[in-house]
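> below are the sequence and a predicted model for it; my questions follow.
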Amino acid sequence: MSKYRIYEPGERQAALERRRLRKMARTAHGYVRGNTRQFYEWLGEMPKLHLPETPPIWICGDCHIENLGALAGSNGHVAVQIRDFDQSVVGHPGHDIIRLCLSLASAARSSDLCGTVTARMVEEVVRNYALALARGRRDEVPKAPDLVEATQRCAFDRSWKHLARDRLKHRTPSIDPGKKFWPLAPEERAAIVALFAQPAMRDLVLKLHHRGAEARIEVVDAAYWVKGCSSLELLRYAVIIGIWDGGAAPRYALFDIKEAEAPIAPAARPEAMPNDPAERVVAGARALSPILGERMGTGRIMDKPVFVRELLPQDLKIEVDQFASKSALAVAGYLAYVVGDSHGRLMSVEARDDWRRAVRQRGAAEIDAPDWLWHAVVAMSGRHEAAYLEHCCAHDLIYRH
């Protein structure tokens with residue numbers, strides 16, 4: 001029996017809302033990660049913020065530190081790329097840079113680093129993002145810092161047993177109810193079984209595991225997955241799929257099903273995106289992180305759009321508990337290069353050169369960064385710090401009494 005309270009389907013909504021609010025109250029950095037909606041609202045309320053003109057491209061839309069990390073392709077190659085596309089839209093690339101810088105500034109603040117380090121991190125973001133846009137020689141790629149290298153090394157050696165132990169807390173192909181996994185309603189399980197019975201989803205599973213059409217797949221186990229922060233109130237499921245091919249022992253795969261909703265990030269060209277929210281998420285992933293996008297598909301669960309992706313053992317987010325000054329600068333520069341490389345691949349040569357000059361243009365402040373970026377980071381850091389304190393007072397203290 002689980003030591004945690006297990007919530008039935010009818011009890012979920014209130015429990016998830018409490019959990020989301022408490023999770024955002026744990027750290028200032030956590031509040032920034034879970035506060036995408038107000039980020040864009042406050043950004044829109046800055047009358048002096050004028051982003052340089054550039055043709056819109058697919059952007060992450062929620063480009064904070066933990067939405068980048070190690071990802072594995074079907075060929076076994078592991079690379080650090082953007083790994084979350086819930087807010088992906090065809091929009092302004094400057095939004096991704098501001099969001100990344102705000103996330104880095106918040107992480108530095110949570111690590112008790114001085115403001116000078118934050119300023120230097122913004123400079124590293126500008127320098128390395130612009131370097132990626134230059135599309136120069138591969139030997140110019142910045143060296144992965146220790147934190148990122150450790151994530152990649154760990155990713156290379158992982159197997160299904162590691163994935164099952166980390167995600168499911170044991171090595172067997174089953175999901176035990178507990179803090180992270182809650183029971184399904186009968187109609188939810190039926191909808192999940194029906195989803196994987198659809199030809200497109202079945203073909204995706206077999207393609208990812210290099211199996212022929214004669215192979216058989218089956219939903220072995222499934223549960224409601226309590227995961228994320230700002231998206232906690234959306235449907236989310238963990239599903240174990242068994243794959244049988246002839247007389248060989250079955251192979252198992254873990255799939256993540258998540259409800260898609262209309263984006264919060266502002267779209268510059270809505271007509272260039274799929275109307276279906278789940279198809280939009282997958283299109284953004286395929287544009288910005290192809291090795292993840294190729295593992296994704298779309299469907300519906302109880303008439304709600306969902307996107308589906310296989311989780312591989314090598315998929316690891318970059319987790320920042322405490323920054324030191326040197327590692328903070330290295331991580332800032334490296335992640336900025338990753339984002340810049342993803343953006344740059346989607347731009348024409350002319351647009352890329354113009355945008356690079358706009359990013360590298362030094363402003364009036366005593367920092368090697370454009371005014372639009374620095375002023376946005378300063379203003380947004382202040383708004384989030386004040387809102388975080390109000391959030392803790394309004395929610396965390398109430399739940400403690």
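Received the coordinates, thanks.
> so Leu51 is in which element?
Under DSSP states H and E, no helix or strand contains Leu51.
> hey, where'd the helices end up in the stretch 301-401 of the chain?
In the stretch 301-401 of the chain, the helices defined using DSSP state H, counting those that start in this stretch lie at 325-344, 349-360, 371-391, 397-400.
> helices of the stretch 1-150 of the chain, start to end?
12-25, 28-33, 36-44, 93-110, 115-133, 146-156.
> and the residue nearest the centre of the chain?
Asp84 (2.6 Å; C-alpha atoms, centre = their mean).
> and the pLDDT for that residue?
pLDDT for Asp84: 94.
> swap in Leu16?
At Leu16, pLDDT is 83.
> in three-state terms, label the residue of the chain positioned farthest from its centre for me.
Centroid-distance maximum for the chain: Gly247 at 38.4 Å, with C-alpha atoms, centre = their mean. Per DSSP: H, G, I helix; E, B strand; the rest coil, the secondary structure class of Gly247 is coil.
> could you count how many residues lie near the closest residue to Ala222 other than its chain neighbours?
Distance criterion C-beta to C-beta, 6 or more residues apart in numbering; nearest residue to Ala222, sequence neighbours excluded, is Val239 at 4.5 Å. For the C-beta atoms, the positions are set from N, CA and C on the backbone; glycine is no exception. As a burial measure, Val239 scores 24 neighbours (other C-beta atoms under 10 Å).
> so what's Val239 up against?
Taking C-beta atoms under 8 Å, 6 or more residues apart in numbering, we find Val239 in contact with Ile192, Phe196, Val219, Asp221, Ala222, Leu254, Phe255, Asp256, Ile257.
> kindly export the helix or strand where the fourth one lies (C-alpha atoms) in PDB.
Asp221 is part of strand 216-225, with elements assigned from DSSP H and E. The C-alpha trace of strand 216-225 is given here as PDB (Å, rounded to 0.1, in the frame of the first residue of the first chain):
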ATOM      1  CA  ARG A 216       2.100  -6.900 -31.900                       C
ATOM      2  CA  ILE A 217       1.800  -4.100 -29.400                       C
ATOM      3  CA  GLU A 218      -0.300  -3.900 -26.300                       C
ATOM      4  CA  VAL A 219      -0.900  -1.400 -23.400                       C
ATOM      5  CA  VAL A 220       0.600  -3.300 -20.500                       C
ATOM      6  CA  ASP A 221      -0.100  -0.700 -17.800                       C
ATOM      7  CA  ALA A 222      -1.100   3.000 -17.600                       C
ATOM      8  CA  ALA A 223      -1.700   5.600 -14.900                       C
ATOM      9  CA  TYR A 224      -2.500   9.300 -14.500                       C
ATOM     10  CA  TRP A 225       0.900  11.000 -14.200                       C
END
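> which neighbouring elements make contact with it?
Here strand 216-225 touches strand 181-182, helix 186-197, helix 199-208, strand 236-244, going by 3 or more C-beta pairs under 8 Å, 6 or more residues apart in numbering; DSSP states H and E.
> 7 Å instead, please
Contacts defined by 3 or more C-beta pairs under 7 Å, 6 or more residues apart in numbering; DSSP states H and E place strand 216-225 against strand 181-182, helix 186-197, strand 236-244.
> that strand pairs with which strands, parallel or anti?
strand 181-182 (antiparallel), strand 236-244 (antiparallel) (DSSP bridges).
> does the nearest residue to Ser289 once chain neighbours are set aside have beta-bridge partners, and which?
With sequence-adjacent residues excluded and distances taken as C-beta to C-beta, 6+ apart, Ser289 is closest to Gln81, at 4.1 Å. Beta-bridge partners of Gln81, counted by DSSP bridges, are Gly69.
> and Gln81, how far from Arg309?
13 Å (C-beta to C-beta, to the nearest Å).
> what about these two, which has more around it?
Shown here are Gln81 and Arg309; by other C-beta under 10 Å, Arg309 has more neighbours (24 against 21).
> buried sites along stretch 346-363?
Buried residues in stretch 346-363, counted by 16 or more other C-beta atoms under 10 Å: Leu346, Met347, Ala351, Arg352, Asp354, Trp355, Arg356, Ala358, Val359, Arg360.
> need the contact list for the fifth one.
Translated: Asp354. Thr54 (C-beta atoms under 7 Å, 6 or more residues apart in numbering).
> against Phe39, how distant is Ala358?
Distance, Ala358 to Phe39, by C-beta to C-beta: 21 Å.
> give the contact list for Ser106.
Ala28, His29, Val32, His384.
> quick one on the thing from earlier: got the phi/psi numbers for the residue nearest to the centre of the chain?
Phi and psi for Asp84, reported as degrees, to the nearest 10, are phi -140, psi 130.
> ok so, going back, out of the helices and strands packed on strand 216-225, which comes closest to Gly61?
The closest of the helices and strands packed on strand 216-225 to Gly61 is strand 236-244. By C-beta to C-beta, the value is 18.5 Å.
> can you point out the buried residues in the closest one?
Neighbour-count burial for strand 236-244 flags Arg236, Tyr237, Ala238, Val239, Ile240, Ile241, Ile243 (criterion: 16+ other C-beta under 10 Å).
> just checking, the third one touches Ile175?
Yes. Applying C-beta atoms under 7 Å as the test, Ala238 and Ile175 come out as touching, 6.0 Å apart.
> low pLDDT regions in the protein?
Low-confidence segments of the chain (pLDDT under 70): 1-6, 8, 74-76, 136-141, 144-172, 314, 316, 318-322, 396-401.
> okay, now the domains of it?
As given by automatic domain parsing, the domain ranges for the chain are 15-156+319-400, 160-262+269-313.
> centre of the chain versus the shortest one, how much separation?
So the one you mean is domain 160-262+269-313. 16 Å (C-alpha atoms, centre = their mean, to the nearest Å).
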